[in-house]
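1. with the input below, show me the fold.
(chains A and B)
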Number of protein chains: 2
Amino acid sequence: MKKLNFLDTGFLLAESREQPMHVGGVALYTLPDGADAQTFLQDIAGIMRDTDALQPPFGDRLKMGPLGLLGNVHWEADPAMDIDYHIRHSALPGPGRYRELFNLVSRLHSTLLDRKRPLWEMHLIEGLQNRQFAVYTKTHHAAVDGARSIHLSRSMLSNSPDARLQDSPLSTASWERYRATLGEKPRRGLSDREIRNVAEVLKARFDSSANLFSAVKRFANAWAGNEDALALPFLKVPRSSINTSIDGARRFVAQTWPFARIHAVGKAFDGTFNDAVLAMCAGALRTYLQNHTELPDESLKAMVPVSLREEGDIDSSNAVAAISADLATNIADPARRFAAIKASMRAGKAFYQGMSAAEVQAISLLMQVPGMLLMPLGLASRLPPFNTVISNVPGIRETMYWNGARLDGSYPASIVTEGVALNITLVSYDQNVDFGIMACRRSIPQAQRIIDYMEDALTELEDAAGLASAKKAAKPKRSAKATGKAKSKAKAAPKAKAAAKAKAKPKAKVRAKPKTQTQNKTKTKTKAKAKPRAKTKAKVKTGAKARARPRSVAGKKTTASRGSRK
Amino acid sequence: MKKLNFLDTGFLLAESREQPMHVGGVALYTLPDGADAQTFLQDIAGIMRDTDALQPPFGDRLKMGPLGLLGNVHWEADPAMDIDYHIRHSALPGPGRYRELFNLVSRLHSTLLDRKRPLWEMHLIEGLQNRQFAVYTKTHHAAVDGARSIHLSRSMLSNSPDARLQDSPLSTASWERYRATLGEKPRRGLSDREIRNVAEVLKARFDSSANLFSAVKRFANAWAGNEDALALPFLKVPRSSINTSIDGARRFVAQTWPFARIHAVGKAFDGTFNDAVLAMCAGALRTYLQNHTELPDESLKAMVPVSLREEGDIDSSNAVAAISADLATNIADPARRFAAIKASMRAGKAFYQGMSAAEVQAISLLMQVPGMLLMPLGLASRLPPFNTVISNVPGIRETMYWNGARLDGSYPASIVTEGVALNITLVSYDQNVDFGIMACRRSIPQAQRIIDYMEDALTELEDAAGLASAKKAAKPKRSAKATGKAKSKAKAAPKAKAAAKAKAKPKAKVRAKPKTQTQNKTKTKTKAKAKPRAKTKAKVKTGAKARARPRSVAGKKTTASRGSRK
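-> Below is the predicted model:
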């Protein structure tokens, strides 16, 4: 019986009907050639279910003493494990677009996991168009951290379309086999397990795990005297319609963009990929608030987890810092907005530089789980520590297969908390970046528009950077993916055809955009760059064809864009 | 703002993740000739959604003061009513049998309604075979009582296949129009509203609505001295595997039997239709416990709500009595078991005869909501007031249509409570009786077998009564339904064909039965009665063809039996 640590118990304590604390995601796959959807999914489900020895936490349930969550909580093997309860087969109503998929995922993500059972569910979803199917997974944050779930999905997937599952990916055998392949390879990026270790630091510092109230107060007082306001939570965080009391229903939308497009923007403005992501999200949030509610005078702040070790800024072996990024939503000009965001991220990292590893960890932890910490104070929606969360999770940079089915995209489904009704999480996969947006259904009724606004914002940034899209139009992402596939020998012929098809249909279709008040828009239908800005370092080409459009996974216009993916 | 009464608040207080307090049902329809499923369902959903003025409680949410549920609770109009949240479109995975439908309904019934919104959901479900679709509805017991929901569905349905909905059945306009047609027609059968009025009696008697504990204790003490033990709750109720602590997951199964078959059994044994239902359920529970866990030495007791006014036994204007029926599960012989059940039902009614209307109401109320009353004591699973609930709700005795779609069956989905992990509710519809069985998934993992055992038990009762099935085989229920339809002139041709088809395929297929230990079984494949019992008054015919089988809506063998319904 493994005892739950302080943070894991906190995720349970913070949970309510309005604030489920499970994380998950939606993976999109294309059926192998010639496979029948129903048979394939039943086979996959059969393989998943077929194990006597489930790896933790899939066979474990919570065991509490008389004090419940306030006492010691352990994991124990569920004596009545009922695998059919956890692995479920679902379907979409017609016409089976992504809109119907997102509706279903929104509903599934809105319900609480059953605490009397192992805290996970997996839904195999049929009924999508174009021979796709989807898998939605949902696991309690107390049971699986981010690093573990990435490892798990890697252990399920293969970069060969010919690889077949030998046994259930949920089995201990599968896990041991995968762990053996890991070797000494350093782990990349954000690890929740690392954050969890930090909880022990915090606990030692405050002597009592229960006294969150005074912990928060002491931290808040310490922060209030600090001059480096950019990186501080609780300071200068405006109220907005995103920062309201939440209810139990969710809206989930997702979208894919080519990695190269966003990366080019970051490079053009002399910033990082992450800066570009933030600028894109910031532009979208500015438009959203302008069009739907009210744009606050002060700029929105986003909690952005970054791995300081990756950046090499700080000599801290395990540090993951949570930076409060200034999204500069009060700045109309996209280039100036990018600059402000970049400065805030640099200041955020600098903020941690004078600190010990333990201090970095302790502060980051407080920012990482704000709902949990502020909830006991009842302050979360009145005093948001930040306006939203934008989290970039490193993923797999090549085409992967699940028992022969090609993984087309992998979209995170995260948590929204009291006072923070929007979460944007992105995962890099293959040549793309897959965004998953989770929102409170009532607070953010038009969540799908944020996807449209993100494309607008990216286009605006490209325009401001003087980036033309000729280069990108020359390699549409489908083609990139198809080229990747052509590496594997077995099925070269159909893939070459797919690549040819993708090239034959450049995504010239321009989507009808909702009216925005965004300034500095000079887009034309041909997307040729009229006024390149000299100060950026991007190359400008005239006569450019249509920009590489995002792979549309949004609620709108999915049929059209999906057609071109076939 | 309407204030919630004592009982309605009780349903909210009694609710937990493990014990959702919503009721609902599944209605099966056949699409009108030539209609496309997707279009039809979208049209229906559109009509349902299209209203500005929702009748109560569909537009109302809970409003609580600082004391929460312990203070006054009101209904208030939801200022952010989001009809798309409540009316949902779902689909079944292949092959779209009833098994897949019941899986989905089981899941949907397992999740809590959102207390920040109006407490109902309606799911339009496509993907069934044979041009059928399903509608699953779910409403909190605090929001809609049984009588109201029957009225609501009546206001939606028509006995003409040509009638079309004029406006949303959820609108106030539709409700007013329906109410006008009611006139002075007396209401039939069980009305929850009547029971709710009783709560006021109880409240007055005990002076405090909050002090349920002493109320239960005083009643229990009073009962302990009474000699008429048959009708008493808490007495001689054995423990069984049905009477365990429940978790939050449900299993739902359903089945249809011809009304005439069950009615004939009741008549043959000189009892009521309800007695025959209880005997059928009792036989099934006996087999289930024998095969799956352990049959208690003492017989199981079922809570059976009966309308005393209907029976004419007692001079009480509004009395609905909850009788604790002895199911005689410790008696192997079906005829003797029937006799014991009948005696217990008569004794149960007699128990109430010496009482005032107020006393009848007060005691019945206590039996009606045992989970709620015993939960505060923590006694529900240790001291079950009865083992299960078997509730017979009068329904519509003719073929009905919903905007042209024929209603094929209507299956109640009720509540299981701590210590009572099984609920059997039945509704008469057209020439049939539709059973809905709701069970705790963990306590009763083989719920679908109960359906098979009910057919076994009915057959056994028919055998014991000396009932041959020649008469019934001559009019299979599909034929009965088709004849009913043929009355309407518009579409006589296809219906006549359907009737001919039904007759051409008598249900000769005998299902493989799980091994049972039930005694006195003399069934043969031809079902000819070998040893008719002289003491029953049924007519015996030799050379009988196959017995009229139940219309199979159980998890098993649905494809085969559904084929014959087409």
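
2. enumerate the residues of the stretch 251-400 of chain A near chain B.
-> Counting by Cβ under 8 Å from any Cβ of the partner chain, no position of the stretch 251-400 of chain A is adjacent to chain B. From N, CA and C alone the C-beta is placed, and that goes for glycine too.

3. so where's the stretch 251-400 of chain A uncertain?
-> Applying pLDDT under 70 to the stretch 251-400 of chain A picks out residues A:307-321, A:351-385.

4. let me see the ranges of the helices in the stretch 1-150 of chain A.
-> Assigned by DSSP state H, counting those that start in this stretch, the helices in the stretch 1-150 of chain A fall at A:6-13, A:37-49, A:83-86, A:98-110, A:146-156.

5. name the helices or strands packed onto the fourth one?
-> Read that as helix A:98-110. When contacts are defined as 3 or more Cβ pairs under 8 Å, 6 or more residues apart in numbering or on different chains; DSSP states H and E, helix A:98-110 packs onto strand A:22-30, strand A:120-126, strand A:132-140, strand A:250-258, helix A:558-563, strand B:87-91.

6. re the thing from before, in TSV: the helices of the stretch 1-150 of chain A, plus mean neighbour count and mean pLDDT.
-> Converted to TSV, the helices of the stretch 1-150 of chain A look like this (neighbours: other Cβ atoms under 10 Å in any protein chain shown; pLDDT from 0 to 100):
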stretch	mean neighbour count	mean pLDDT
helix A:6-13	21	74
helix A:37-49	17	91
helix A:83-86	18	94
helix A:98-110	24	97
helix A:146-156	19	70
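
7. mind putting those into a markdown table with distance to residue B:329?
-> Converted to a markdown table, these look like this (distance: least, Cβ to Cβ, whole Å):
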| stretch | distance to residue B:329 |
| --- | --- |
| helix A:6-13 | 41 |
| helix A:37-49 | 35 |
| helix A:83-86 | 29 |
| helix A:98-110 | 40 |
| helix A:146-156 | 47 |
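
8. element containing the residue in the stretch 301-450 of chain A positioned nearest to chain B?
-> Using Cβ to the nearest Cβ, the single residue of the stretch 301-450 of chain A nearest to chain B is residue A:442, 6.1 Å away. For residue A:442, there is no helix or strand it lies in under DSSP states H and E.

9. report the contact partners of the closest residue to it other than its chain neighbours.
-> Closest residue to residue A:442 apart from its sequence neighbours, by Cβ to Cβ, 6 or more residues apart in numbering or on different chains: residue A:247 at 5.0 Å. Taking Cβ atoms under 8 Å, 6 or more residues apart in numbering or on different chains, we find residue A:247 in contact with A:18, A:440-442, B:114, B:116-117.

10. hmm, 10 Å instead?
-> By Cβ atoms under 10 Å, 6 or more residues apart in numbering or on different chains, the contact list for residue A:247 reads A:17-19, A:110, A:421, A:440-443, B:80, B:85, B:114-117.

11. could you report the pLDDT at it?
-> Here, the pLDDT recorded for residue A:247 equals 87.

12. then residue A:533?
-> pLDDT recorded at residue A:533 is 41.

13. now swap in residue A:227 and tell me
-> Looking at residue A:227, the pLDDT reads 36.

14. ok, the nearest residue to residue A:170 once chain neighbours are set aside - contacts?
-> Leaving aside its chain neighbours, residue A:170 sits nearest to residue A:58 (4.8 Å; criterion: Cβ to Cβ, 6+ apart). Residue A:58 makes contacts with A:48, A:51, A:78, A:81, A:83, A:86, A:118-120, A:122, A:139, A:143-144, A:152, A:168-172, A:175, as judged by Cβ under 10 Å, 6+ apart.

15. need phi/psi at residue A:58.
-> With angles defined as degrees, to the nearest 10, residue A:58 sits at phi -70, psi -20.

16. same check, this time on residue A:118
-> phi -50, psi 140.

17. distance of residue A:30 relative to chain B?
-> Between residue A:30 and chain B the computed distance is 18 Å (Cβ to the nearest Cβ, to the nearest Å).

18. for residue B:289, find the nearest of the helices and strands packed on helix A:98-110.
-> Residue B:289 lies closest to strand A:120-126 among those, at 31.1 Å (Cβ to Cβ).

19. check whether the closest one contacts chain B.
-> Yes - Strand A:120-126 reaches chain B (Cβ under 10 Å from any Cβ of the partner chain) through A:121, A:123-126.

20. of those, which is the most crowded?
-> The most crowded member of those, judged by other Cβ atoms under 10 Å in any protein chain shown, is residue A:125 (27 neighbours).

21. which non-adjacent residue is nearest that residue?
-> The shortest distance from residue A:125 to any non-neighbouring residue, by Cβ to Cβ, 6+ apart, is to residue A:134 (4.3 Å).

22. residue A:68 versus the one you found, what's the distance?
-> 36 Å (Cβ to Cβ, to the nearest Å).

23. swap in residue A:273?
-> Using Cβ to Cβ, residue A:273 is found at 44 Å from residue A:68.

24. just give me the neighbour total for the residue nearest to residue A:125.
-> Number of residues near residue A:134 (other Cβ under 10 Å) recorded here: 24.
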